[in-house]
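Visitor: here's a sequence, model it:
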Amino acid sequence: MLVLFNIACHTAAPTPDPITEFNENVVVTLQEDTVVLEELSEAALVSTVTAYQSFHADGEQLWFVDESLGESEGLATGQTFDSTVHDDTILLVLDGVLYSYSDELHEQAVNDLLQGGIDTIASSGTNLWMLGGGQLFRYTGSVLTQVRFDGVSHISSFAVSTDGVIWMAAPWLIAYDSNSGDVVESDASMMVRDLCLDSSSTLWVMGEDQLLAVRQDGERASFELGVALTDIRCSPQHTDVWFNSEVGAIHYRQGVFSSVDIPEGQWQDVDARGRLLVSVPQGIVRASTGRPVVTVGLDWNEQIFAKRDVELIPTDSDSVTELEAWIGDHRLEVDPDRWETSIDPVDFEVGQQSLRFVVVTDEGVDIDEHPLILGELPDVTWDSDVLPLSEEHCSECHYGATATRLELKSDWQWQIDAVIQEVSRDSMPLGGPYLTEEQIAVIRGWKAGGFQ
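Guide: Got it, this is the predicted structure:
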């Protein structure tokens, strides 16, 4: 049964913070970098699902592209769409209507509760967040909740962090903690034109003449690029950020801003490997710095315990003449016809490893890396293993009345993916000391063992 609830969040009037209160005020010197461009389709619009799966539309037909299969499938007609993966299910918003996709489109029951339709969607844990008609909705199980804020009539964009904080442009910056139901920030230091959240949980905010970055720990920096920005794009699965400006495109990676040459067109999306998709008159092109290699069958920083077959899809694959894969000083055998390899954990040391790729083209050689964890997970229980770890490392910040609570077994269970992601990146515990590989394996083992 579907139930609709409305909740109103009360906020104090936003008070501008002067630029002098920011932790950093950075004057950026732009570097120069090159990009690899590849043509994907003759579509006009695109929305990425994974690094190798996407929906495309040309104004008349919408189709699904799976690069691992080398095929596309026509589905429907539509003009506007967005997509995400939620509970291992591909979801698509097409002309305001929500569908699930598995070989064909299936309309979802929540559409009966949404009067104005949906524009964009995002997944976070058990929550599906939807923005439609400038209004924000949360859909969990069979319950649809509209989240409203005093003084806010229209939300233009939003982004969801791994710890359940929703950042919104309304048009000033608002942060809403979906765990506690509290507004944790209401900042009118600048009017927000657009925003996005990268995989390090850093929020990038584009104002009229200002670029702001807000880290998960609250530290923030204001960047002076010397040009007026017109667009911003990033992915919650990658740290690369792309900016468009009145004088050209800018790419950000690991503290470096670089000018790059991107064809003029409408920016569409950034995929899970940080590649920008742009609509140009000829169709959709994908731009990347370097040549990322997509691994089908192996997630980013995934831990594997048995032999795994992995398909490799290098960027602009038609131009690649040779592809090597390495773990440490051990070269993996790669099928030159299908670009497939196998990884057997018994051949390597247990723990964090890097799957390294050497991509050879007529233009030169590019190196790409994919982190993974090799080894066996321990058999653990909540009382004996996870609870002591929680009390030692999490109790100071996440017990009691806190925004992200990790005190009870149920708290851990529904937030387990976010916990694993944060401790694996050394983002938590905040400020360290960080968890060892063995401690992280305890958390992973608890999940793999069914939360005993």
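Visitor: next one, pLDDT for Arg331 please.
Guide: pLDDT recorded at Arg331 is 97.
Visitor: please name the nearest non-neighbouring residue to it.
Guide: Glu324 (6.5 Å; CB to CB, 6 or more residues apart in numbering). From N, CA and C alone the C-beta is placed, and that goes for glycine too.
Visitor: checking that neighbour next. Helix, strand or coil?
Guide: The local conformation at Glu324, judged by DSSP: H, G, I helix; E, B strand; the rest coil, is strand.
Visitor: thought it was touching Asp366?
Guide: No. Glu324 is beyond contact range of Asp366, at 11.3 Å (criterion: CB atoms under 8 Å).
Visitor: so between the two, which is more surrounded?
Guide: Between Glu324 and Asp366, Asp366 has the larger neighbour count (other CB atoms under 10 Å), namely 20 against 15.
Visitor: what's the more buried one sitting at in phi/psi?
Guide: Main-chain dihedrals, Asp366, degrees, to the nearest 10: phi -120, psi 150.
Visitor: would you mark the buried spots in the helix or strand where Ser279 lies?
Guide: Using DSSP states H and E, Ser279 sits in strand 276-280. If you call a residue buried by 16 or more other CB atoms under 10 Å, then strand 276-280 has these buried ones: Leu276, Leu277, Val278, Ser279.
Visitor: tell me the centre residue of the protein?
Guide: Centroid check for the chain by CA atoms, centre = their mean gives Pro236 as the closest residue, at 1.7 Å.
Visitor: pretty sure that one contacts Leu203?
Guide: No. Using CB under 8 Å, Pro236 is not in contact with Leu203; the gap is 10.7 Å.
Visitor: give the residues shared as contacts by the two.
Guide: Ala159, Leu197 (CB atoms under 8 Å, 6 or more residues apart in numbering).
Visitor: returning to what we had before: and which of the buried residues of strand 276-280 is nearest Ala188?
Guide: Leu276 (30.3 Å; CB to CB).
Visitor: how about Val27, what does it touch?
Guide: Counted by CB under 8 Å, 6+ apart, Val27 has contacts Glu224.
Visitor: so how far is Asp95 from it?
Guide: In this view, Val27 and Asp95 are 44 Å apart by CB to CB, to the nearest Å.
Visitor: what does Asn179 give?
Guide: Distance from Asn179 to Asp95, counting by CB to CB: 33 Å.
Visitor: cool, Gly207 as well?
Guide: 31 Å.
Visitor: also Trp339?
Guide: Look at Trp339 and Asp95: by CB to CB, they are 37 Å apart.
Visitor: how does the protein divide into domains?
Guide: Domain assignment for the chain by automatic domain parsing gives 3-14+23-288, 293-374, 382-448.
Visitor: how about low-confidence regions in the stretch 251-400 of the chain?
Guide: Along the stretch 251-400 of the chain, no part satisfies pLDDT under 70.
Visitor: state which helix of the protein is the longest.
Guide: The longest helix of the chain (DSSP state H) is helix 437-448.
Visitor: how about the CA coordinates for that helix, as CSV?
Guide: C-alpha atoms of helix 437-448 as CSV (Å, rounded to 0.1, in the frame of the first residue of the first chain):
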residue,chain,number,x,y,z
GLU,A,437,42.3,-3.6,6.3
GLU,A,438,41.5,-6.3,8.9
GLN,A,439,39.0,-4.0,10.6
ILE,A,440,37.4,-3.1,7.3
ALA,A,441,37.2,-6.8,6.5
VAL,A,442,35.3,-7.4,9.7
ILE,A,443,32.6,-4.9,8.5
ARG,A,444,32.5,-6.5,5.1
GLY,A,445,32.4,-9.9,6.6
TRP,A,446,29.4,-9.0,8.7
LYS,A,447,27.5,-7.8,5.7
ALA,A,448,28.5,-10.8,3.6
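Visitor: identify the contacts common to Glu324 and Asp366.
Guide: Val358.
Visitor: which residues are in contact with the helix or strand where Asp269 lies?
Guide: Assigned by DSSP H and E, Asp269 belongs to strand 266-270. Residues outside strand 266-270 that contact it (CB under 8 Å, 6+ apart): 45-48, 54, 231, 233-235, 238, 240, 242, 244, 276-279, 284.
Visitor: ok, now stretch 156-165?
Guide: For stretch 156-165, the external contacting residues (CB under 8 Å, 6+ apart) are 120, 122-125, 127, 129, 131, 134, 136, 166-171, 175-179, 184, 192, 194-197, 201, 203, 216, 236, 403-404, 415, 418, 421-422.
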